[in-house]
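Peer 1: Fold the following and give me the result.
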Amino acid sequence: MDVKRDAARLATIATVFVWVGWLAILYALAAGVLWWIDLAGRAAFNFVEAFAISAAAIGVPLFLALIVAALGHALRLFALYVYSKSQ
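Peer 2: I've put the predicted structure just below:
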């Protein structure tokens, strides 16, 4: 069993989690900003109400994206730890 090779594989998988998490964060923020602009342009909502509605709508996706990115960073740190202990 090659621990260094397994640590390298784990680091690769963790990198995918990091990228997916950060891309989801950017997507959620962009969607929130675009929705905020759309709602603020309507007569039924003012600027602050539009922000509150759009912020509430992207809260859960943004939180989940941050969890995915944090999981990826934690896995990379664990892979680094395993790699350093196997030498």
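Peer 1: roughly how far is stretch 28-45 from the heart of the chain?
Peer 2: 21 Å (CA atoms, centre = their mean, to the nearest Å).
Peer 1: can you check stretch 48-56 too?
Peer 2: 21 Å.
Peer 1: Could you do stretch 21-30 as well?
Peer 2: 6 Å.
Peer 1: same check, this time on stretch 20-36
Peer 2: Worked out by CA atoms, centre = their mean, stretch 20-36 lies 9 Å from the chain centre.
Peer 1: tell me which residues of that stretch are tucked away?
Peer 2: Of the residues in stretch 20-36, those buried by neighbour count under the rule 16 or more other CB atoms under 10 Å are 21, 24-25, 28, 32, 35-36. In this view, the C-beta of every residue, glycine as well, is placed from N, C-alpha and C.
Peer 1: Closest to Tyr81 out of the residues you listed?
Peer 2: Within these, the smallest distance to Tyr81 is 20.2 Å, found for Gly21 (CB to CB).
Peer 1: ok, that closest one touching Gly72?
Peer 2: Yes - under the criterion of CB atoms under 8 Å, Gly21 makes contact with Gly72 at 5.6 Å.
Peer 1: can you give me the helices for this protein?
Peer 2: In the chain, the segments counted as helices under DSSP state H are 3-40, 47-85.
Peer 1: List of residues touching stretch 10-29?
Peer 2: 58, 61-62, 64-76, 78-80, 82-83 (CB atoms under 8 Å, 6 or more residues apart in numbering).
Peer 1: redo that, cut-off 6 Å
Peer 2: Contacts with stretch 10-29, where a contact means CB atoms under 6 Å, 6 or more residues apart in numbering, come from 58, 61-62, 65, 68-69, 71-72, 75-76, 79.
Peer 1: before we move on, what about stretch 76-87?
Peer 2: Taking CB under 6 Å, 6+ apart as the rule, stretch 76-87 contacts 3-4, 7, 10-11, 14.
Peer 1: for the buried residues of stretch 20-36, which one is nearest Phe47?
Peer 2: Closest to Phe47, out of all of these and judged by CB to CB, is Trp36, at 8.8 Å.
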